[in-house]
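1. Give me a model of this one.
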Amino acid sequence: MQALGRHLLLELFDCDAEALNSLETVKASMVEAAKRAQATIVDVVFHEFNPFGISGVVVIAESHLAIHTWPEYRFAAVDIFSCGDVLQPQTAANYLVEQFGACRASVVELQRGIFLQASPMPHKPAGAKMPVAKVPVAKMPVAKVPGAKVPVGG
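-> Below you'll find the model as predicted:
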């Protein structure tokens, strides 16, 4: 069996509440975690909730890193989803445990997109252009529905 990706689910307990409630700290930590994991950052989106809590996503060419913080419980939930063999998700996880001062952490790893084929499922490297196969488009019959203004299927 082959999987398309690895998904690490981190539970960070007894963290530094001030760090978890700082938009800049959380954002900078997540971006640095992505860089340390050898990820290619595509986009970064974070939101600060009132009165507390941060949610954010670092979209990477290899998938994403996401976080939701509950400073009032000194807790953060982090997802690190990666495709391919280049990214090192455990490096990002270790960095975030340290940055948020988690006294207790758990990590669950899931294989995502499991296929039954035995051969490897290569991913294209970030930034590489894949050849586009030209497939002839068959002329599709257009169904006419009585009363419809736009033909269905066409």
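2. give the contact list for the residue nearest the centre of the chain.
-> In the chain, the C-alpha closest to the average C-alpha coordinate belongs to His64, at a distance of 2.1 Å (CA atoms, centre = their mean). For His64, the contacting residues are 57-58, 79, 81, taking CB atoms under 8 Å, 6 or more residues apart in numbering as the criterion. From N, CA and C alone the C-beta is placed, and that goes for glycine too.
3. Specify the beta-bridge partners of it.
-> Each beta-bridge partner of His64 is listed here, defined by DSSP bridges: Val59, Phe81.
4. And for Ser55?
-> Beta-bridge partners of Ser55, counted by DSSP bridges, are His47, His68.
5. Count the neighbours of it for me.
-> By other CB atoms under 10 Å, the residues close to Ser55 number 15.
6. Surely it and Met30 touch.
-> No - using CB atoms under 8 Å, Ser55 makes no contact with Met30, being 10.8 Å away.
7. shared neighbours of those two, which are they?
-> Joint contacts of Ser55 and Met30 (CB under 8 Å, 6+ apart) are 46, 67.
8. Now which of the contacts of His64 would you call buried?
-> Under a neighbour-count criterion of 16 or more other CB atoms under 10 Å, the subset of those counted as buried comprises 57-58, 79, 81.
9. any idea how far Ala92 is from the residue nearest to the centre of the chain?
-> Using CB to CB, to the nearest Å, we find His64 at a distance of 11 Å from Ala92.
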